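Engineer: missing the sequence, but the structure's below:
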């Protein structure tokens with residue numbers, strides 16, 4: 001019985017590749033469209049223009065899973081980041097186009113799997129309403145795995161080469177990288193599908209829980225409201241300085257800081273700046289760490305997702321700062337959210 005099934009495998013592969021045509025076309029377009037948007041519809045590879053893809057990559061940094069050191073290195077080395085974004089865009093374009101055409105389908109499915117895994121680990125936590133990036137990541141992983149097994153069907157370049165009986169289609173590398181029946185026995189194929197599907201389900205459930213609490217416990221969405229982390233605050237020679245790092249909130253919308261205040265141990269405000277003050281370019285000295293920049297806006301200080309900067313402000317001469325006296329630094333967002341940090345001179 002097993003031998004009969006093995007003889008019917010070529011027809012089975014033709015049909016399975018045919019049935020996954022729509023999946024191949026749609027998934028291929030999701031990756032090719034990234035190339036299309038960045039180079040044809042708009043220029044998103046120019047670091048000096050709004051919408052630069054490197055800044056989008058910077059947004060992934062605060063809560064990326066496993067690849068945060070790599071992202072941190074790239075966003076602190078703008079030249080390397082630019083080359084990486086160019087290569088990444090070209091790879092997405094080639095993988096997406098070839099996947100749609102069904103040209104070296106299995107090799108491209110490996111590319112889809114890898115790209116989707118990168119999206120999942122880097123940006124799986126981003127998504128204001130529908131867990132956008134997480135869904136793209138896990139579905140891309142599943143699609144890459146599935147289409148590696150099926151190959152492409154009738155509507156593909158691989159099938160055209162097979163129909164013309166090109167000499168190389170009989171080589172083992174062709175079936176491994178393009179389409180056609182894999183040299184795997186049915187019982188081993190069952191094992192591969194079962195184990196592979198189980199691993200992908202585990203990745204799906206684990207990342208859903210890790211990023212969003214979507215399996216048990218309390219749901220959480222780090223893309224709903226902004227969150228700032230204040231580190232290393234100090235007062236030295238009448239200068240107040242601190243690091244601010246935007247770690248949560250919508251990636252397409254900044255945190256708009258409208259207040260910086262310094263209070264003493266008695267909760268008395270010694271110094272404050274409002275939104276108008278923070279919108280002026282000379283009020284603060286800003287040293288940005290990454291390509292996503294903290295900068296003055298029209299009515300506030302804008303802090304994009306993933307941006308981190310050292311903020312320094314001169315305190316008025318009439319403020320007397322005592323040694324070992326605790327102070328409280330308060331940052332106020334336009335939404336009314338406040339963040340505090342204790343400061344010692």
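Structural biologist: Right, received. Where do you want to start? Predicted, not measured: the structure shown is a model, and the values here were computed from it.

Engineer: CA atoms for contacts and neighbours, from now on please.
Structural biologist: Will do.

Engineer: for the stretch 201-345 of the chain, give me the ranges with low pLDDT.
Structural biologist: For the stretch 201-345 of the chain, applying pLDDT under 70 flags the ranges 322-323.

Engineer: all helices of it, in order?
Structural biologist: With helices called from DSSP state H, counting those that start in this stretch, the stretch 201-345 of the chain shows them at 275-278.

Engineer: what ranges do the strands span in it?
Structural biologist: 227-236, 239-248, 255-263, 269-274, 285-288, 295-296, 301-303, 308-314, 327-333, 338-343 (DSSP state E, counting those that start in this stretch).

Engineer: and these: which comes nearest residue 220?
Structural biologist: Among those, strand 239-248 comes nearest to residue 220, with 11.4 Å by C-alpha to C-alpha.

Engineer: list the buried residues for the closest one?
Structural biologist: Going by neighbour count (16 or more other C-alpha atoms under 10 Å), the buried part of strand 239-248 is 240, 241, 242, 243, 244, 245, 246, 247, 248.

Engineer: okay, the strands of the stretch 201-345 of the chain in CSV with distance to residue 94 next?
Structural biologist: Formatted as CSV, the strands of the stretch 201-345 of the chain follow (distance: least, C-alpha to C-alpha, whole Å):
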stretch, distance to residue 94
strand 227-236, 37
strand 239-248, 33
strand 255-263, 36
strand 269-274, 49
strand 285-288, 34
strand 295-296, 36
strand 301-303, 35
strand 308-314, 34
strand 327-333, 43
strand 338-343, 45
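
Engineer: and among those, the most buried is which?
Structural biologist: The highest mean neighbour count among the strands of the stretch 201-345 of the chain, using mean count of other C-alpha atoms under 10 Å, belongs to strand 301-303: a mean of 25.

Engineer: related to what we said a few turns ago, so which of the strands of the stretch 201-345 of the chain is nearest residue 60?
Structural biologist: strand 239-248 (9.4 Å).

Engineer: contact partners of that closest one?
Structural biologist: Applying C-alpha atoms under 8 Å, 6 or more residues apart in numbering, the contact partners of strand 239-248 are 62-63, 222-235, 255, 303-315.
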